[in-house]
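**Q** Fold the following.
(2 chains)
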Amino acid sequence: MDYRAVRGMRDVLPEEIPAWERLESTARRLADLAGYREVRPPLLEETDLFIRSVGEVTDIVEKEMFTVRKADHSFTLRPEGTAGIVRAYVQAGYAKRAPLQKLFTIGPMFRYEKPQKGRERQFTQFDMEAIGSLDPRLDVELIDLAARFFEELGIRGLEVRINSMGDGEDRDRYREAVREFVRPNLARYSEESRARFERNVLRVLDSKHPGDVELNQGAPRILDFLSDENRAHFEAVERHLRSIGRTVVVDPGIVRGLDYYTRTIFELHYPDLGARSALCGGGRYDHLVEELGGPDLAAVGFAIGFTGTLLVLEELGLSEALAADAPPVYVAAADPACDDEVFRLVCELRGAGLGAVFDSAGKKLGKQLKAAGTGGHAVAAILGPDELAGSTVQLKVLDTGEQRSVPRDGAAEAIRGILAARGSGAASGERGGA
RNA sequence: GUGGGUAUAGCUCAGUUGGUUAGAGCGCCAGAUUGUGGCUCUGGAGGUCGGGGGUUCGAAUCCCCUUACUCACCCCA
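**A** Next comes the predicted model:
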């Protein structure tokens, strides 16, 4: 095999499209329900946009960007959706004419990481963003919508974890407190954690080394460092979550990897997925609009990864019931002499709004009917010399085997009748599953 | 970036201590059935055994290198 898809990128083949369409339609329906409008920023942005928004010392910027240079400019394939959406928001002038915008986008993101289960270099995300307000009900609205997305797909048992990162000053004071907490025992920490101590001390608390976990007992919690205002915001989020019946876990260990996050952050986990259990991550980014040249406006959003979601659907056996509908009619030639007339009927039926296909491999009638049956078509229309002579067509209902002759002129109508009779009895999704 | 595993037909996989023309199931094509499918039977096509080098009379099998895939760590969707 000479050519393969680029490492970490894969083809979504026709067999998988129904599952993808289901994710997309579920996302769009939810967005409509809550008044979020679709926006489609370009896949390529100036590299500096991501450095500025995601943060210079993050993994994404340091080593995961797909960057191309052209004529003194540096462009980067978007590694996440929020930066581009906020850039578009500012550029479109929404900040002045209609500051509160609820937006969503669905599309590919790119990160140069080593691929593994649930992680690809090109992956698709569903992003929802509410820009222009600090209302804690928006935090909760988004958490609720994210959870609802999975529930509508049939995925239960998700765990919602929330935390607050405070704002810049809160975080500075907290970071200092953690540094003081760790420093006396630094020599006893794992090598990994000692490196993190320098680079990003908060990650020390995230360590999975047994010894580190022990040492981290009793570490300061960021929630104790929140300003009154940020504490009130966090408590309001919890209160609203309770009032709509969403149970969540407050997890002081969540520390998101992008610099722009502030205040509320959350993740949705599917515990059975193992190492890569987070299906959704999000939170507030209350300074990003200003950072990108707009006024100081608060915002909150999340991203759901399709890759992990599809994995879970697969595991739960929920993706097998999905199959695309084949065109209802297969027009078969009883004799090669009728091929022209078969093609004419196919086009005629399509003109009448009936999906129709024909054999173009020179199969004999028996093989054509076999193909019609296994191909998932509902009706076979058979044309042979006898039918041509009598201006008729044989219609065979493929799942019952019953067959009758109808006038050629009335073929479309007769087929419509058969489909209506079939369709009325069958529930949606009858095909594919069984 | 670090560490482990795996590479044989379109797919899922066998291949015995290295031994002659590398197999099976599914799928595909055809015939039995010269105008009627889903079952059955018969036959067929399809493989530089990931690539390169080495050991050997002889390598899919042993050794080295390489590439790809995959899993985990890190981090994240």
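
**Q** does the residue lying farthest from the centre of chain A count as helix, strand or coil?
**A** Farthest-out residue of chain A from its mean C-alpha position, per Cα atoms, centre = their mean: A:Ala389, at 55.0 Å. What DSSP: H, G, I helix; E, B strand; the rest coil gives for A:Ala389 is helix.

**Q** cool, the one 4 residues further on as well?
**A** Per three-state DSSP, the secondary structure class of A:Val393 is strand.

**Q** Over to A:Glu56?
**A** Put simply, A:Glu56 is coil when judged by three-state DSSP.

**Q** show me the contacts for it.
**A** A:Glu62, A:Asp259 (Cβ atoms under 8 Å, 6 or more residues apart in numbering). Heads up, the C-betas are built off the backbone N, CA and C, glycines and all.

**Q** Check it and give its pLDDT.
**A** Looking at A:Glu56, its pLDDT is 72.

**Q** again, but for A:Glu348
**A** If you check A:Glu348, the pLDDT there is 97.

**Q** how deep is the closest residue to it other than its chain neighbours tucked in, by neighbour count?
**A** What sits nearest to A:Glu348 in space, not counting adjacent residues and going by Cβ to Cβ, 6 or more residues apart in numbering, is A:Ala412, at 7.3 Å. A:Ala412: 20 surrounding residues under other Cβ atoms under 10 Å.

**Q** same thing with A:Arg7?
**A** The burial count for A:Arg7: 11, using other Cβ under 10 Å.

**Q** Next: A:Val160.
**A** 19.

**Q** can you confirm it is in a strand?
**A** Yes. Counting by three-state DSSP, A:Val160 is found in a strand.

**Q** check contacts around the closest residue to A:Gly375 other than its chain neighbours.
**A** Of all residues not flanking A:Gly375 in the chain, A:Ala326 sits nearest, at 5.5 Å (Cβ to Cβ, 6+ apart). Going by Cβ under 8 Å, 6+ apart, A:Ala326 touches A:Gly355, A:Val357, A:Gly375, A:Gly376, A:His377.

**Q** Are the helix or strand that contains A:Leu419 and RNA strand B in contact anywhere?
**A** In this assignment (DSSP states H and E), A:Leu419 forms part of helix A:411-425. No. Helix A:411-425 stays clear of RNA strand B (Cβ under 7 Å from any atom of the strand), getting no nearer than 12.5 Å.

**Q** What separation do you get for the residue nearest to A:Thr262 when sequence neighbours are not counted and A:Arg87?
**A** Closest residue to A:Thr262 apart from its sequence neighbours, by Cβ to Cβ, 6+ apart: A:Asp286 at 4.5 Å. From A:Asp286 across to A:Arg87, the span is 17 Å (Cβ to Cβ, to the nearest Å).

**Q** Same check on A:Ile265?
**A** Applying Cβ to Cβ to A:Ile265 and A:Arg87 gives a distance of 22 Å.

**Q** from the stretch 101-250 of chain A, which residue is nearest to RNA strand B?
**A** As assessed by Cβ to the nearest atom of the strand, RNA strand B sits closest to A:Lys117 within the stretch 101-250 of chain A, at 3.0 Å.

**Q** measure that residue to A:Glu235 for me?
**A** Using Cβ to Cβ, A:Lys117 is found at 38 Å from A:Glu235.

**Q** and what of A:Ala420?
**A** A:Ala420 sits 58 Å away from A:Glu235 when distances are taken as Cβ to Cβ.

**Q** Give me the more crowded residue out of these two.
**A** Taking neighbours as other Cβ under 10 Å, A:Ala420 and A:Glu235 compare with A:Glu235 leading, 13 against 9.

**Q** And the pLDDT at the more buried one?
**A** With respect to pLDDT, A:Glu235 has a value of 95.

**Q** mind listing what it touches?
**A** For A:Glu235, the contact set (Cβ under 8 Å, 6+ apart) is empty.

**Q** so which helix or strand takes in it?
**A** helix A:228-243.

**Q** For that helix, buried residues please.
**A** Residues of helix A:228-243 classed as buried by neighbour count (16 or more other Cβ atoms under 10 Å): A:Asn230, A:Arg231, A:His233, A:Phe234, A:Ala236, A:Val237, A:Glu238, A:His240, A:Leu241.

**Q** In a markdown table, list the residues you listed along with distance to A:Ala299.
**A** What follows is these, written out as a markdown table (distance: Cβ to Cβ, whole Å):
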| residue | distance to A:Ala299 |
| --- | --- |
| A:Asn230 | 16 |
| A:Arg231 | 20 |
| A:His233 | 14 |
| A:Phe234 | 17 |
| A:Ala236 | 17 |
| A:Val237 | 15 |
| A:Glu238 | 20 |
| A:His240 | 18 |
| A:Leu241 | 19 |
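
**Q** quick one: which of those is nearest to A:Gly401?
**A** Within the buried residues of helix A:228-243, the smallest distance to A:Gly401 is 56.7 Å, found for A:Leu241 (Cβ to Cβ).

**Q** Wait, that closest one touches A:Val248, no?
**A** Yes. At 5.5 Å, A:Leu241 and A:Val248 qualify as touching, with contact defined as Cβ atoms under 8 Å.

**Q** Now the common contact residues for the two.
**A** Contacts common to A:Leu241 and A:Val248, judged by Cβ under 8 Å, 6+ apart, are A:Ile143, A:Ile162.

**Q** on that earlier part again, which strands and helices sit next to the helix holding A:Leu419?
**A** helix A:339-351, strand A:379-383, strand A:392-397 (3 or more Cβ pairs under 8 Å, 6 or more residues apart in numbering; DSSP states H and E).

**Q** quick one, which of the ones you listed is packed in tightest?
**A** Greatest average neighbour count among those goes to strand A:379-383 (a mean of 25), per mean count of other Cβ atoms under 10 Å.

**Q** Starting from that strand, tell me which strands it pairs with and how they run.
**A** Strand pairing for strand A:379-383, using DSSP bridges, gives strand A:329-333 (parallel), strand A:392-397 (antiparallel).

**Q** Could you check the pLDDT of the residue nearest to A:Asp296 when sequence neighbours are not counted?
**A** Using Cβ to Cβ, 6+ apart and skipping the chain neighbours, the partner closest in space to A:Asp296 is A:Glu290 (4.4 Å). The model reports A:Glu290 with a pLDDT of 95.

**Q** No more questions from me, cheers.
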